[in-house]
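Participant: Sequence isn't available, so here's the structure alone:
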């Protein structure tokens, strides 16, 4: 499975961005797709993921501001980010896993995209 994330950039606080993650390979085997992020000096943390079984999870700090969605025909997962804050500044990674167990834990994911940088200025 290959994942490519793009759409990052620099935006002012309060602005919006949409990230795209395009998947190729045996994507039909993946039961969990989603987004994590990592700021300098911090651990990689959950942003938003969903599972084939119907679970959607968001990190506490992005609830109500970010929305994950997907286009199955295009093998693409989106992350719509609204009301961005400086603390949202990070490299955002898309991730995929066959297993639904541990979907909120970064170490559970064997497949990662290359990351796209989001910078929110105050």
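Facilitator: Good, I have the coordinates. Worth saying up front: this structure is predicted, and the values here are computed from it rather than measured.
Participant: Ends of stretch 36-44, what's the gap?
Facilitator: Start-to-end span of stretch 36-44 (C-alpha to C-alpha, to the nearest Å) is 6 Å.
Participant: chain center to that stretch: distance?
Facilitator: Averaging C-alpha positions (C-alpha atoms, centre = their mean, to the nearest Å) puts stretch 36-44 12 Å from its chain's average.
Participant: and it, which residues are buried?
Facilitator: Buried residues in stretch 36-44, defined by neighbour count with 16 or more other C-beta atoms under 10 Å: 36-37, 44. Bear in mind the C-beta positions are built from the backbone N, C-alpha and C, glycine included.
Participant: Kindly report the same for stretch 113-121.
Facilitator: For stretch 113-121, the neighbour count (16+ other C-beta under 10 Å) marks 113, 115-116, 118, 120 as buried.
Participant: Which members of the residues you listed are the farthest-apart pair?
Facilitator: The distance between the two most remote of those (C-beta to C-beta) is 20.3 Å, for 113 and 120.
Participant: any idea how far the residue nearest to residue 12 when sequence neighbours are not counted lies from residue 41?
Facilitator: Residue nearest to residue 12 in three dimensions, not counting chain neighbours: residue 121, with 5.4 Å by C-beta to C-beta, 6 or more residues apart in numbering. Separation of residue 121 from residue 41 (C-beta to C-beta, to the nearest Å): 19 Å.
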